[in-house]
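S.K.: Here you go, sequence then predicted model.
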There are 2 protein chains.
Amino acid sequence: MNIDGTPTRTIRLTGDGRTVEIIDQTRLPHDLVFHRLANLADAETAIRDMWVRGAPLIGVTAAFGIALAMAEDGTDAMLATAIARLLATRPTAINLRWALGALRHRLTPLPPARRADAAFDEAGRLAEADVAINATIGEHGLVILRDIWARRSAAGATRLNVLTHCSAGWLATVDWGTALAPVYKAHQAGIPVQVWVDETRPRNQGAALTACELGWANIPHTVIVDNAGGHLMQHGMVDVAIVGSDRTTATGDVANKIGTYLKALAAKDNLVPFYVALPSSTIDWTLDDGVASIPIEERDPAEVAMVSGRTADGQMATVRVIPATSTAVNYGFDVTPARLVTGLITERGTCAASRDGLATLFPERRSA
Amino acid sequence: MNIDGTPTRTIRLTGDGRTVEIIDQTRLPHDLVFHRLANLADAETAIRDMWVRGAPLIGVTAAFGIALAMAEDGTDAMLATAIARLLATRPTAINLRWALGALRHRLTPLPPARRADAAFDEAGRLAEADVAINATIGEHGLVILRDIWARRSAAGATRLNVLTHCSAGWLATVDWGTALAPVYKAHQAGIPVQVWVDETRPRNQGAALTACELGWANIPHTVIVDNAGGHLMQHGMVDVAIVGSDRTTATGDVANKIGTYLKALAAKDNLVPFYVALPSSTIDWTLDDGVASIPIEERDPAEVAMVSGRTADGQMATVRVIPATSTAVNYGFDVTPARLVTGLITERGTCAASRDGLATLFPERRSA
């Protein structure tokens, strides 16, 4: 997507073909800063410290991390080490495991000296595939938004109100995004879309990233606190909710940013369609019960205790918002049961959030 | 309740009997600052700018505001003006209207010269009544917590986990609090209570005030983001939720801090008891449908865009957390339909959240 008219991606190879450049998303929305990742440790830091985030982008960054490691040392030992270290950076996102599995599969048969080239090639291929997949998700989602807009506009509505939680736009992927891909497609198709952007505490990815990229695209949007969505839905101010997924079970349960479940409950209670947009790489075909089985990352309580932003005089500052003597806990994700999900929007189309629904789109997995 | 061993109330008359002292709650949890209110304008500011907040405390502060106005000018014109100005400070809290109605009723028949004394007397009476009402709510709530704790401890639990949203502790009242009164009573009764404290964006009354007063009372507590409660309930980590109310309909619908509805939905979905503790002064007997009828205050979007707290070097700072070009909206409350409420805990006992339930406790209102 464009930033001030310049086509930009969240991650790309630089001219030397051996260094990776990313947007440091911890600096948004206040500063647009690019970082170079030169080795495995840089890639680990980028994922763990959330310079990059979002399941698809985490996967691609990990793939480039393997390539950077192989450029230094193409041995089996380094390959195993690099996979283990990258796998440990974030426990919930299944794409990490999926991307690392793809790299392992491609590199293991090769002699060490040929692994770096192959790894950069494979990582680049995953990046391009992510872009294509998300564009396709956008097209499938557009069908849904067109349908809802046709009904709403016939009833006199002047805009299509979409609510989203966290950041599942292009900043969460290589390009286009997952949950926001349909929004971008709808905007391009002339549908007057307006996005309610959940702030998404504790890291404020909605307020910082979703609002930022919607602003770059000149799409009308309004930031709300995470507490507000239920009220908006009760009063008919949300036409559809679309979120992303960090891991999806074979039965359609969805692990996504903490708080997604609460919005899904409110959508159900108010008959608001609740869609999850996801590349099939987020589907964990081995899991049936999301609440019981998906590991939920517990992050540093300081993310709850502290909030960062820009002061009136333009400085970045971090302030403590809880008493000095109080403690906090910080669960990164929650699981939305399939029963609350209207549909899953994937690169192969939209289906019911169920084993049978997924089987219609992924028949090759039916026996899995 | 005590602050560092000193019995303290949120509002009190100073020694001269003509000045009111309050805790400036916008400075908590970082600084404990008392302000003197010397006239009507001070009282208006204190309520509108939320130096005091919480439905019961707003009502008592408004009553003292009338007294301060009468001390300057006891005429009918000033009485009408003072009531109108105080009524305009916060639209959702019904206690404001209730307290001002009580003052109007008491003062109108009196000659202007006698109104100031009567107003201070009446405001003091409302303050004492609030303390007594909340202590009684605490006793009725304790019955519920004892019962839940008996079952949980028999099942091997080592602590009773209570979730609360916003601040409905003693800082929201004159003393004791509403939602937290049962928690204080349980703590005093030796029940090992632990409180999950919703941060409560945008103004962070949970993180700032509830955590603060629980800390003063040495009650174990953990601050969570507003997004986290559903996850905790899914995993059996919440035994009961108790919140306060800013306005309650005659049918048991509850307007409370924005986001309360989302927690009530999660409680219902996970069979967690969800109680609302309220003085009967928050009941608006004229309303039947909370979602349709209760006016919801829309506050300054800056409260969403900005977060205040203390920096590492001890300074207070306010930081912007959304892009410079993005906008926000800020609804202060939402309405939780009665169907999601396990019970209403009032000064007369606990009842079902329904017209019939309320009629058992308030039979004199049956014909209203």
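M.R.: Yep, it's here.
S.K.: Up against chain B, what does the stretch 151-300 of chain A have?
M.R.: A:197, A:199-202, A:204, A:207-208, A:211-212, A:214-215, A:221-232, A:234-235, A:257-259, A:261-263, A:265-266, A:269, A:291, A:296 (CB under 8 Å from any CB of the partner chain). In this view, the C-beta of every residue, glycine as well, is placed from N, C-alpha and C.
S.K.: Which ones among those residues lie within strands?
M.R.: When DSSP state E defines the strands, the subset of these inside them is A:197, A:221-224, A:257.
S.K.: of those, closest to chain B?
M.R.: When those are compared for distance to chain B (CB to the nearest CB), A:Val223 comes out closest, at 4.2 Å.
S.K.: what secondary structure does A:Ile144 sit in?
M.R.: Taking DSSP: H, G, I helix; E, B strand; the rest coil as the rule, one finds A:Ile144 in the helix state.
S.K.: Wait, it touches A:Ala241, no?
M.R.: No: with contact defined as CB atoms under 8 Å, A:Ile144 does not count as touching A:Ala241 (11.5 Å).
S.K.: can you list residues touching both of the two?
M.R.: Counting by CB atoms under 8 Å, 6 or more residues apart in numbering or on different chains, the shared contacts of A:Ile144 and A:Ala241 are A:273, A:275.
S.K.: Which one's more surrounded, these two?
M.R.: Relative neighbour count places A:Ala241 above the other of A:Ile144 and A:Ala241, with 26 against 20, counting by other CB atoms under 10 Å in any protein chain shown.
S.K.: and A:Leu86, that one's in a helix?
M.R.: Yes: inclusion of A:Leu86 in a helix is indicated when three-state DSSP is applied.
S.K.: how long is stretch A:301-314 end to end?
M.R.: End-to-end distance for stretch A:301-314: 26 Å, by CA to CA, to the nearest Å.
S.K.: now stretch A:4-13
M.R.: Between the opening and closing residues of stretch A:4-13 we find a distance of 21 Å, counting by CA to CA.
S.K.: According to the record, where do the domains of chain A fall?
M.R.: Domain assignment for chain A by automatic domain parsing gives A:2-128, A:156-365.
S.K.: Quick check: end-to-end length of the first one?
M.R.: Put plainly, it is domain A:2-128. Here the two ends of domain A:2-128 are set 17 Å apart, with distance taken as CA to CA.
S.K.: What is the distance between that domain and the centre of its chain?
M.R.: Domain A:2-128 has its C-alpha centroid displaced from the chain centroid by 16 Å (CA atoms, centre = their mean, to the nearest Å).
S.K.: wait, what's in contact with the residue nearest the centre of chain A?
M.R.: With distances taken as CA atoms, centre = their mean, the residue of chain A nearest its centroid is A:Gly54 (3.2 Å). Residues counted as contacts of A:Gly54 (CB under 8 Å, 6+ apart) are A:167-168, A:171-173, A:244.
S.K.: Neighbour-wise, which one of these leads?
M.R.: Of all these, the most densely surrounded is A:Ala168 (33 neighbours; neighbours counted as other CB under 10 Å).
S.K.: Which pLDDT value goes with that residue?
M.R.: Per-residue confidence for A:Ala168 comes out at a pLDDT of 96.
S.K.: Look up how far A:Pro56 lies from it.
M.R.: Noted for A:Ala168: a distance of 9 Å to A:Pro56, by CB to CB, to the nearest Å.
S.K.: Let me know which of the domains of chain A is tucked in deepest.
M.R.: When the domains of chain A are scored by mean count of other CB atoms under 10 Å in any protein chain shown, the highest mean neighbour count falls to domain A:156-365 (a mean of 22).
S.K.: Tell me the pLDDT of the residue nearest to A:Pro301 when sequence neighbours are not counted.
M.R.: Once its chain neighbours are removed from consideration, A:Pro301 has its nearest residue in A:Ala328; the separation is 4.1 Å (CB to CB, 6 or more residues apart in numbering or on different chains). In this prediction, A:Ala328 carries a pLDDT score of 98.
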